[in-house]
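Student: Build the 3D model from these lines:
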Amino acid sequence: MDVVKGVATLAVIGSALILGLTNPVTAIFSAIMLGVCLIAWLIDLFRPKPLSGPQLVALALTKMSPPLCSFTPPSGCFSADSTVRSAAGTPQPLLSLSLGDSVSTVTPEGRIETNQVHFFGHKDPSSLTVFFRVATASGHALSLTGDHLLPTALSPDTLWRDRTFKRARTVGPGDYIWVVQPGGAVALSAVQRVHSHMAVGLFNPYTESGATIVDDVVTSDHSAWLLDPLISDKYAWLAPILYAPLLQTGLAAVYKVSPGLVKAISECFYVTAAAGTSVADSLCAVQETWRWAMGQDRVSPASAGTLGL
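Tutor: Just a heads-up that it's a prediction; the model follows:
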């Protein structure tokens, strides 16, 4: 199936490039198709697969003392019961978050501001996986997968601009993370305890700032992706630098130009486990793009044989 998807994608890209050389009109359409291929590829690459029965057994054997085997569950992000701050300042469950919603984030200068969600690395309400729960001295707690990045500091007087990034599985006592205090100010709090637990749901919203506030903890939008196998835990701080130009800045720009198209394509891919295959999802994305290019009203993925968000 992956070979079929790869050949089909190359065919679309090749056709788009050839058409783009003929005249300005086809050049514009080709640019649109290339953008669609990029978005569809990103969504399909990020989309997690639920744990199978044998994987659950392997996970249980890994947790035994001593462990009888070694198993690493799928990567993801935050659990379904995590919350973000809406534009109104009230908690909003990630389960109900949609593209275009405004959430509280932290700017590069360390200020809290709202940003639109322009992409989901994961949006899966049913997958079961292992999360690391990071608890702080201030009473804050955050659950996220072990490969997800957190802005951290080694001392309580570290400035936001001097932050570094660590994968959640490597965070522990002695580290400090930024939290939102009751008065609304952002401050460092010492990590007191980290433990693993099972939870349902995988959600990873992206905003242009790259620092979304989840459960009143300042997080990074980035988790494991293409280059992570090449980046050791020691150099995990490199990942946001490498991923931000595309996943933050680039996709935010695409969403600003055509939010309706991005939403339509996303709905083709983020489906329940019982819904369409990757090929069907890709065809749905092409159909939605054609309708958008022709100025037609979009058809919901549910009516096209694929369940929506």
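Student: Which secondary structure state does Gly139 sit in?
Tutor: coil (DSSP: H, G, I helix; E, B strand; the rest coil).
Student: Can you tell me how far it is from Ile213?
Tutor: Gly139 sits 16 Å away from Ile213, taking C-beta to C-beta, to the nearest Å as the criterion. Heads up, the C-betas are built off the backbone N, CA and C, glycines and all.
Student: just Arg193 next, same as before
Tutor: Using C-beta to C-beta, Arg193 is found at 21 Å from Ile213.
Student: Mind checking which of those two has more residues around it?
Tutor: Using other C-beta atoms under 10 Å, the more surrounded residue of Arg193 and Ile213 is Ile213, with 22 against 12.
Student: correct me, but the more buried one touches Thr219?
Tutor: Yes - at 7.2 Å, Ile213 and Thr219 qualify as touching, with contact defined as C-beta atoms under 8 Å.
Student: Count the residues that sit near the residue lying closest to Gly260 once chain neighbours are set aside.
Tutor: Closest residue to Gly260 apart from its sequence neighbours, by C-beta to C-beta, 6 or more residues apart in numbering: Trp292 at 6.7 Å. Number of residues near Trp292 (other C-beta under 10 Å) recorded here: 19.
Student: Pretty sure Trp292 sits in a helix.
Tutor: Yes - according to three-state DSSP, Trp292 belongs to a helix.
Student: In this structure it contacts Leu261, no?
Tutor: Yes - Trp292 lies in contact with Leu261 (C-beta under 8 Å); the separation is 4.7 Å.
Student: how close does Phe78 get to Trp292?
Tutor: Going from Phe78 to Trp292 by C-beta to C-beta gives 30 Å.
Student: just Thr129 next, same as before
Tutor: Going from Thr129 to Trp292 by C-beta to C-beta gives 34 Å.
Student: do Ala244 as well
Tutor: Per C-beta to C-beta, Ala244 is found 27 Å from Trp292.
Student: go on, Thr164?
Tutor: Distance from Thr164 to Trp292, counting by C-beta to C-beta: 41 Å.
Student: Repeat that for Glu267.
Tutor: 13 Å.
Student: where exactly do the helices run in the protein?
Tutor: All helices of the chain, identified by DSSP state H, fall at 2-20, 24-46, 53-62, 238-244, 251-257, 259-269, 278-293.
Student: Give me the phi and psi for Arg111.
Tutor: phi -100, psi 150 (degrees, to the nearest 10).
Student: Run through the residues that contact the nearest residue to Pro173 once chain neighbours are set aside.
Tutor: Once flanking residues are discounted, Pro173 sits nearest to Val191: 5.8 Å by C-beta to C-beta, 6+ apart. By C-beta atoms under 8 Å, 6 or more residues apart in numbering, the residues touching Val191 are Val134, Ala135, Thr136, Ala137, Val171, Gly172, Pro173, Gly174, Asp175, Tyr176, Ile177.
Student: What score does the third one have for pLDDT?
Tutor: Looking back up the chat, that one is Thr136. We have a pLDDT of 97 for Thr136.
Student: For it, which residues are in contact?
Tutor: For Thr136, the contact set (C-beta under 8 Å, 6+ apart) comprises Ile177, Val179, Ser189, Ala190, Val191, Gln192, Val217.
Student: I'd like the distance between it and Asp147.
Tutor: 20 Å.
Student: So what's the residue count around the residue nearest to Ala80 when sequence neighbours are not counted?
Tutor: Using C-beta to C-beta, 6+ apart and skipping the chain neighbours, the partner closest in space to Ala80 is Gly201 (2.5 Å). Gly201 has 24 neighbours, counted by other C-beta under 10 Å.
Student: Show me the strands in the stretch 151-300 of the chain, by range?
Tutor: Per DSSP state E, counting those that start in this stretch, the stretch 151-300 of the chain carries strands over the ranges 164-167, 176-180, 186-206, 213-214, 217-218.
Student: Right, I'll leave it there.
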